[in-house]
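Engineer: Sequence below, structure please.
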Amino acid sequence: MTTTTSAINSKFQPSCRSRSIQGLGNIQVTLVNSIFEIPMKEWNELIGQNHNFIHPTYLEAIQKAHSESLEVRYAMFYQNEQLIGVGAFQITHFKTNTDSYQNVFMRIVAKTAAFIRAGHVHNILIAGNAFATGEHGFCFLPEVEPKKQAAAVVTAMDLIAKEEQRRGKKICAMLVKDFYSMSEELCGAFRQYAFSDFKVDHNMIMPVDSQWKSFDDYLKVLNTKFRTKAKSAYKKSAQVEIRKPTAQWILENRMRMQELYEAVHEKADFRLGKLDLEVLNELLRVNWADFEVRTYHLNEQCIGFMTAVICGDRCEAHIVGLDYNYNKDHGVYQRMLYDYVQIAIERKCSYLVFGRTAAEIKSTVGALPVDLSVLIRHRKRISNALLSLILNYVKPSGFPQRQPYQVEYAKTLELKYYGILQDCKDRKSLAEADD
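Structural biologist: As a prediction, this is how the structure comes out:
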């Protein structure tokens, strides 16, 4: 494959650009320097509409906005000269901060890492997206069996790790995120390559009824308590003006947007990287139809924002920013959640994926907890064995699950969406959940 050196990513020039995996149909793994070097037509045809977090438009924005804090690598997987899969890998660089986590387990891990490599930068190679929850790292043709997918992805990650080491940036761990329980066979295939899996906090996913044509239709199926709660949120946020910003506005107000984002980012227990909000400007500049942004203003001051990416029949909450000084009195975050619902309805989505954080308040809107697993492998064999033992004690955080729907509607919802609801073994039925 002919490649050129991109000005954006010219420092990444692999000496070994591809490798064949023997014994698995001779799959060829090819690394590419830059998003501008991938065969766009082939890539887009393979991923379809359901994988917009590895869509070239999104990846180009990520690549342009980041240089040192986060780097992106690309892989294409061929068999008999046919493209059968693609992958986008992120490398995050961060220093250990033992005081930055509320979660006890994460504090222990951070302190251990600090003792071993105090003050050093930790380089994590991720198959997935550090800023989105779900299976967003790679995509294969449906006929490619899980063991071949895992073999291809691991080979690509090993090649990338070797090149990073050659450049003086040693990868300390590899992360493959995030898997739903329906992908257990794929998880098992990664375990064959010394990856350990562990459960993380549930992804909060809300089924969006196809019968809802407007936000009022959604309100009608809520029980009295939560319909009142929704109306109260709208009343509290009545003075807040909600806008659809332009790329130019984002550019002019980037520092304020970054400040709002980091206020939320710093509260998260598990942080893999920090997003540069130049990404928002890039996505709005090209007018990407599958990207939504809302900004929230009080007396002409921006006090919050939210973003969403439409992935086929899913509306995926991406990142939010918030000035907590105004949240309590004006119900900004609660209003954002309802605005996500409205976007999902308007976009005719089947599901609204809220992500891991703030599970209880998301359940008050109608989101349900779905199991998630992450796979990890340390580059050192002894450290990987110790990590595997530690991960046995990692459990998802518990929370009071709320049930906002009318009883009869809740029963209908449970039957209609049984397939996704069964993905959480510990989930209460809607009849049992607290209201």
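Engineer: separation between the closest residue to Ile319 other than its chain neighbours and Ser388?
Structural biologist: Of all residues not flanking Ile319 in the chain, Thr307 sits nearest, at 5.4 Å (C-beta to C-beta, 6 or more residues apart in numbering). C-beta here means a position set from N, CA and C on the backbone, and glycine is covered the same way. Separation of Thr307 from Ser388 (C-beta to C-beta, to the nearest Å): 36 Å.
Engineer: How about Gln211?
Structural biologist: Distance from Gln211 to Ser388, by C-beta to C-beta: 47 Å.
Engineer: Quick check: which ranges of the chain have low pLDDT?
Structural biologist: Applying pLDDT under 70 to the chain flags the ranges 1-24, 67-68, 94-121, 269-271, 382, 384, 389-390, 392-394, 416-435.
Engineer: Can you report how many residues lie near Asn253?
Structural biologist: 18 (other C-beta atoms under 10 Å).
Engineer: Could you do Glu164 as well?
Structural biologist: Glu164, neighbours per other C-beta under 10 Å, totals 19.
Engineer: what's near enough to touch the spatially closest residue to Pro245 that is not a sequence neighbour?
Structural biologist: Of all residues not flanking Pro245 in the chain, Thr295 sits nearest, at 4.9 Å (C-beta to C-beta, 6+ apart). Thr295 is in contact with Ile242, Arg243, Lys244, Pro245, Trp249, Cys302, Gly304, Phe305, counting by C-beta atoms under 8 Å, 6 or more residues apart in numbering.
Engineer: Please apply the same query to Lys231.
Structural biologist: Leu219.
Engineer: sec struct for it, please.
Structural biologist: helix (DSSP: H, G, I helix; E, B strand; the rest coil).
Engineer: Look up how far Ile205 lies from it.
Structural biologist: In terms of C-beta to C-beta, Lys231 sits 24 Å off from Ile205.
Engineer: helices or strands up against the strand or helix carrying Glu360?
Structural biologist: Taking DSSP states H and E as the criterion, the element that holds Glu360 is helix 359-365. The helices and strands touching helix 359-365, judged by 3 or more C-beta pairs under 8 Å, 6 or more residues apart in numbering; DSSP states H and E, are strand 196-207, helix 332-346.
Engineer: switch the cut-off to 10 Å
Structural biologist: On a contact count with 3 or more C-beta pairs under 10 Å, 6 or more residues apart in numbering; DSSP states H and E, helix 359-365 meets strand 196-207, helix 224-236, helix 332-346, strand 351-355, strand 368-378.
Engineer: The shortest one - contacts with which helices or strands?
Structural biologist: Using 3+ C-beta pairs under 10 Å, 6+ apart as the contact criterion, the secondary-structure elements in contact with strand 351-355 are strand 196-207, strand 301-311, strand 314-322, helix 332-346, helix 359-365, strand 368-378.
Engineer: Single out the most deeply packed of the ones you listed.
Structural biologist: strand 314-322 (a mean of 24; mean count of other C-beta atoms under 10 Å).
Engineer: So what's the gap between that one and the chain middle?
Structural biologist: 9 Å (C-alpha atoms, centre = their mean, to the nearest Å).
Engineer: Just the C-alpha atoms of it, please, in CSV.
Structural biologist: Provided in CSV are the C-alpha atoms of strand 314-322 (Å, rounded to 0.1, in the frame of the first residue of the first chain):
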residue,chain,number,x,y,z
ARG,A,314,-28.5,5.4,18.8
CYS,A,315,-28.1,8.9,20.2
GLU,A,316,-24.9,8.8,22.1
ALA,A,317,-24.3,11.5,24.8
HIS,A,318,-20.7,12.6,24.2
ILE,A,319,-19.3,15.3,26.5
VAL,A,320,-20.8,17.9,28.8
GLY,A,321,-19.6,21.1,30.5
LEU,A,322,-21.2,22.7,33.5
